[in-house]
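In: sequence first, predicted coordinates after that:
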Amino acid sequence: MSLRRMLEDPLVNQMMASHTECHALLNLMGGELVMIGASKAYRYTTNPDGASGDGIAIAWRAGCRVANLEFNQFHPTCLYHPESRSFLMTEALRGEGATLHLPDGQRFISHFDDREELAPRDIVARAIDFEMKRLGADCVFLDISHQPADLITRHFPQAYERCLALGIDITRDRIPVVPAAHYTCGGVVVDQYGASDVPGLYVVGESACTGLHGANRMASNSLLECFVYAQSAAQHIAESITGELTPPKTWDDSRVRDSDEEVVIQHNWQELRRLMWDYVGIVRTSRRLEHAADRIALLEKEVLGYYGRFQITRPLLEMRNLARVSSLMVQCAAERRESRGLHYNSDFPDTASVARDSILIPAHFDPDTALNGPIDRLPHYHQ
């Protein structure tokens, strides 16, 4: 979705008058706001650096509801290596017979599920997380070396070449892996056209909460979320545009200066990602969620003060947005007093008999211009 095109809509341009952060994003990101998720909130992720929740945070500040942000999918096997931060070791390796081991070589998945390595990814990720925390281990190990070397190199050439470049020969060596944040299943509440609660503002992709994923994402559903919704949104926008388009106002940075304290952003970024990993990760408790909420509130206060004094930079914007979305994740997680799908709270391990959505309503929400239907539910889709 082109942010510049979005800002040219008169209704959105008027709405954005008090949310001018987007104009800085235009300069920093070449006119495009990539609507990806917020997995960069976590210490380990398979996502690129841009997955900092920008679309969700901006839409929230503009008055859009968000939903189901507690449902974060963690891929069980991301390569653990200082020179490779987000390389995903495909689950097809386990499908081909790869096994998971503790640092001492012991297998462990059978203690958690009879399907062992073929259990669903959320169960495997939870088992690895449990063992890493129990042992204080940095990682566990994935081993496919018992399979013929030519089968490994033929079926998994990318994994083989990437690991070999890092000194790991997967035809002979175990592969160090950790679970990693992979997909944000919740997001900005939208209807079947990608339209949000703010007239003229459309959200497509991982930033949107379409309802397609429910509480636990199936991999191919992301194609629907990206391509089908993008086409639906494009058609709806083309049919809805009326009147003349007006350019956005120029970003005014005359009253701020260049930062001489960028270490503050770097420190806060690292602290946020670690506390989200430790307190709002694969397994949660109510006490840890309370600690996370308190600390994120302090981080947001520090970042807000920084934001008001210094020139806008990409790290500053991403930190500001990621802190806001992290806070929303914690709110959604704390309100769900059960375990369901990707959200597991050991204080509430059972699943409630009735499923419900976790919907948060921002201060700028306007029920008169919002999507039709009850505000505490996702929109009903019409044929």
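Out: Ah, there it is. Please read these numbers as outputs of a predicted model, since none were measured by experiment. Numbering: from 1, shown residues only.

In: C-alpha from now on. contacts and neighbour counts both.
Out: OK.

In: residue contacts, residue 63?
Out: 197, 198, 361, 362, 363, 364, 365, 366 (Cα atoms under 8 Å, 6 or more residues apart in numbering).

In: now those residues: which count as buried?
Out: Among the contacts of residue 63, the ones that count as buried by 16 or more other Cα atoms under 10 Å are 197, 198, 365.

In: got JSON lines for those, with pLDDT, distance to residue 75 and secondary structure too?
Out: Output for the buried ones among the contacts of residue 63, formatted as JSON lines (pLDDT from 0 to 100; distance: Cα to Cα, whole Å; DSSP: H, G, I helix; E, B strand; the rest coil):
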{"residue": "197", "pLDDT": "94", "distance to residue 75": "31", "secondary structure": "coil"}
{"residue": "198", "pLDDT": "91", "distance to residue 75": "33", "secondary structure": "coil"}
{"residue": "365", "pLDDT": "94", "distance to residue 75": "34", "secondary structure": "coil"}
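
In: any low-confidence regions in this protein?
Out: In the predicted model of the chain, residues 1-35, 243, 245, 383 satisfy pLDDT under 70.

In: hmm, try it at 50
Out: 1-34 (pLDDT under 50).

In: domains in it, by residue range?
Out: Using automatic domain parsing, the domain parsing of the chain gives 3-71+185-360, 79-178.

In: what are the ranges of the strands in the stretch 151-300 of the chain?
Out: 175-184, 187-189, 208-209 (DSSP state E, counting those that start in this stretch).

In: rewinding a little: would a markdown table of the buried ones among the contacts of residue 63 with distance to residue 89 be doable?
Out: What follows is the buried ones among the contacts of residue 63, written out as a markdown table (distance: Cα to Cα, whole Å):
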| residue | distance to residue 89 |
| --- | --- |
| 197 | 38 |
| 198 | 39 |
| 365 | 41 |
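
In: what ranges does this protein have for its helices?
Out: Under the criterion DSSP state H, the chain carries helices at the ranges 3-8, 10-15, 21-28, 54-62, 92-95, 121-135, 149-155, 157-165, 221-223, 229-240, 263-279, 286-309, 314-335.

In: list the buried residues in the last one.
Out: Spelled out, that is helix 314-335. Under the neighbour-count criterion of 16+ other Cα under 10 Å, helix 314-335 has 316-334 buried.

In: output stretch 113-121 as CSV, nothing but the C-alphas.
Out: The C-alpha coordinates for stretch 113-121 follow below in CSV (Å, rounded to 0.1, in the frame of the first residue of the first chain):
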residue,chain,number,x,y,z
ASP,A,113,4.3,-34.8,22.3
ASP,A,114,4.0,-38.4,20.9
ARG,A,115,4.4,-37.0,17.4
GLU,A,116,8.0,-36.0,18.3
GLU,A,117,9.6,-33.7,15.7
LEU,A,118,6.5,-33.9,13.5
ALA,A,119,4.3,-32.1,16.1
PRO,A,120,2.9,-28.7,15.1
ARG,A,121,5.3,-25.8,15.2
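
In: how about residues contacting that stretch?
Out: Counting by Cα under 8 Å, 6+ apart, 74, 75, 76, 94, 95, 98, 99, 100, 109, 110, 123, 124 sit against stretch 113-121.

In: what's the neighbour count on the third one?
Out: So that's residue 76. Using other Cα atoms under 10 Å, the number of residues around residue 76 comes to 26.

In: could we number from 57 for the rest of this?
Out: Sounds good: first residue 57 from here, last item residue 132.

In: against residue 231, how distant is it?
Out: 13 Å (Cα to Cα, to the nearest Å).

In: also the last one?
Out: Distance, residue 180 to residue 231, by Cα to Cα: 16 Å.

In: and the second one, by the same measure?
Out: For residue 131, the distance to residue 231 equals 15 Å [Cα to Cα].

In: over to the first one?
Out: From residue 130 across to residue 231, the span is 18 Å (Cα to Cα).

In: still on that earlier bit, tell me the most buried of the domains of the chain?
Out: domain 59-127+241-416 (a mean of 19; mean count of other Cα atoms under 10 Å).

In: how far does that domain sit from its chain's centre?
Out: Remark: domain 59-127+241-416 is offset 8 Å from the chain centroid, using Cα atoms, centre = their mean, to the nearest Å.

In: what's the answer for stretch 173-187, then?
Out: 19 Å.

In: next one: stretch 110-128
Out: Worked out by Cα atoms, centre = their mean, stretch 110-128 lies 11 Å from the chain centre.

In: for it, measure first residue to last.
Out: Stretch 110-128: ends 16 Å apart by Cα to Cα.

In: how about the contacts of residue 119 in JSON lines, adding distance to residue 113?
Out: Compiled in JSON lines, the contacts of residue 119 are given as follows (distance: Cα to Cα, whole Å):
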{"residue": "253", "distance to residue 113": "14"}
{"residue": "254", "distance to residue 113": "14"}
{"residue": "417", "distance to residue 113": "13"}
{"residue": "418", "distance to residue 113": "11"}
{"residue": "419", "distance to residue 113": "13"}
{"residue": "420", "distance to residue 113": "13"}
{"residue": "421", "distance to residue 113": "14"}
{"residue": "422", "distance to residue 113": "17"}
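
In: out of these, which comes closest to residue 242?
Out: Checking the contacts of residue 119 against residue 242 by Cα to Cα gives residue 417 as the nearest, at 14.1 Å.

In: from residue 250, how far out is the closest one?
Out: According to Cα to Cα, residue 417 stands 18 Å off from residue 250.

In: likewise residue 410?
Out: Counting by Cα to Cα - residue 410 and residue 250 are separated by 27 Å.

In: do the same with residue 186
Out: The gap separating residue 186 from residue 250 is 38 Å, by Cα to Cα.
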